[in-house]
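Undergrad: when you get a sec, could you give me coordinates for this:
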Amino acid sequence: MKVKARNGKVYDVAEAPPAGSHAVHFDGALVGSFVLLPQETRVTVKSTLVNEELLTDIADRFVDAGGGPMGIA
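TA: Sure, this is the predicted structure:
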């Protein structure tokens, strides 16, 4: 799913099973990932192009667009 972050850039977010890791790509390069848990979102930064705050924003927008697994909002 394509997600436009608050910085105006569009990131590709891969679908994952519940509690699985969603890979985040920008221009074809892996920049990070996140895991949606019932009480928190865990992010992993893999590139200097993003930081934890931006990955959290991408995860929030991903969920708002309907990309979250069943039972997690």
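Undergrad: and the helices in this structure?
TA: Taking DSSP state H as the criterion, the chain carries its helices at 52-64.
Undergrad: so which residue is smack in the middle of it?
TA: Residue closest to the average C-alpha location in the chain (C-alpha atoms, centre = their mean): A59, at 3.7 Å.
Undergrad: pretty sure that residue contacts H22?
TA: Yes - the pair A59 / H22 is scored as a contact, 7.3 Å apart, by C-beta atoms under 8 Å. In this view, the C-beta of every residue, glycine as well, is placed from N, C-alpha and C.
Undergrad: shared neighbours of those two, anything?
TA: The contact sets of A59 and H22 overlap at 34, 36 (C-beta atoms under 8 Å, 6 or more residues apart in numbering).
Undergrad: on that earlier part again, not counting sequence-adjacent ones, nearest residue to the residue nearest to the centre of the chain?
TA: F34 (4.4 Å; C-beta to C-beta, 6 or more residues apart in numbering).
Undergrad: who touches V45 in this structure?
TA: 31-32, 51-52, 55.
Undergrad: what's the burial count for the closest residue to R6 other than its chain neighbours?
TA: Closest residue to R6 apart from its sequence neighbours, by C-beta to C-beta, 6+ apart: D57 at 5.2 Å. Other residues lying near D57 total 18 when counted by other C-beta atoms under 10 Å.
Undergrad: what does L55 give?
TA: L55, neighbours per other C-beta under 10 Å, totals 24.
Undergrad: from memory it sits against G32, does it?
TA: Yes - look at L55 against G32 with C-beta under 8 Å: they come within range, at 4.7 Å.
Undergrad: need the residues touching each of these two.
TA: The contact sets of L55 and G32 overlap at 24, 43-45 (C-beta under 8 Å, 6+ apart).
Undergrad: of those residues, buried ones?
TA: 24, 43, 45 (16 or more other C-beta atoms under 10 Å).
Undergrad: just those residues now: which is nearest A65?
TA: Taking C-beta to C-beta as the measure, A65 sits nearest to V24 out of the buried ones among the shared contacts of L55 and G32, at 13.7 Å.
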